[in-house]
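Trainee: Below are the sequence and a predicted model; questions follow.
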Amino acid sequence: DVKVTQSSRYLVKRTGEKVFLECVQDMDHENMFWYRQDPGLGLRLIYFSYDVKMKEKGDIPEGYSVSREKKERFSLILESASTNQTSMYLCASSSDRNYGYTFGSGTRLTVV
Amino acid sequence: RKEVEQDPGPFNVPEGATVAFNCTYSNSASQSFFWYRQDCRKEPKLLMSVYSSGNEDGRFTAQLNRASQYISLLIRDSKLSDSATYLCVAFGGNYGQNFVFGPGTRLSVLP
């Protein structure tokens, strides 16, 4: 089974802090994605990557950046955390359009 | 218009009932479709793929109608453990290679 591991399940950070969310997958997938999920808004794509060193903006990239230095690792960075970035963050990976995504267990981030 | 639309529910059904969820997608170029299940405060998990010929897995049946851009999920003999949010997913969104998620339909199966 593909495993996607997110470094933290719950995180509390202060406004203005730089926050790193880490995601690692173990099945050599090319494609990795970061989403946030909020009640009533569903899953929204923040950034994605199809290869090492490659990144593309999704629907809501403002206030975020990403890093993909190795194929298995995709990091989401909140440059200066704000309270409106309090959310559930989900990392996903996929190899092929026919197999769907596999998600990590999510990081519930609270910014105070 | 949202790319993938679903009735958010909630659908409250008794155990043993048959329930159907519908989903429409706007991008006619979408190539693959899936249903995901998400339990409260957990990550979405793949339930099943959706094919034009239909796909059945036990009590679950998924159908795709490309002409109407419509996807369905049928759950027969509902169990308490089926209570969850069901997400409709289409591959091939604005960025070509990403999956687009509907907002989800919440199901509660009641004893």
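Mentor: Cool, the structure landed. Every value quoted in this text rests on a predicted model; they were computed, and no experiment measured them.
Trainee: interface residues of chain B facing chain A?
Mentor: Residues of chain B lying close to chain A (CB under 8 Å from any CB of the partner chain) are B:31-32, B:34, B:36, B:41-46, B:49, B:87, B:89, B:91-95, B:97-99, B:101-104. Where you see a C-beta, it was placed from the backbone N, CA and C, and this is true even at glycine.
Trainee: my read is B:Pro8 is in a helix, agree?
Mentor: No. Under DSSP: H, G, I helix; E, B strand; the rest coil, B:Pro8 falls outside any helix and is assigned coil.
Trainee: Straight-line length of stretch A:89-109, end to end?
Mentor: Counting by CA to CA, to the nearest Å, you get 7 Å between the two ends of stretch A:89-109.
Trainee: Quickly check: it near chain B or not.
Mentor: Yes. Contact of stretch A:89-109 with chain B (CB under 8 Å from any CB) involves A:90, A:94, A:97-98, A:100-106, A:108.
Trainee: Then stretch A:65-77?
Mentor: No. On the criterion CB under 8 Å from any CB, stretch A:65-77 is out of touch with chain B, staying 13.8 Å away.
Trainee: and that stretch, how far from the chain's centre?
Mentor: Once both centres are worked out by CA atoms, centre = their mean, to the nearest Å, stretch A:65-77 turns out to sit 9 Å from its chain's centre.
Trainee: OK, contacts around B:Asn12?
Mentor: Contacts for B:Asn12 (CB atoms under 8 Å, 6 or more residues apart in numbering or on different chains) come out as B:108, B:110.
Trainee: Could you say which helix or strand holds it?
Mentor: Using DSSP states H and E, B:Asn12 sits in strand B:11-14.
Trainee: partners of that strand, with directions?
Mentor: Applying DSSP bridges to the sheet, strand B:11-14 is found paired with strand B:105-110 (parallel).
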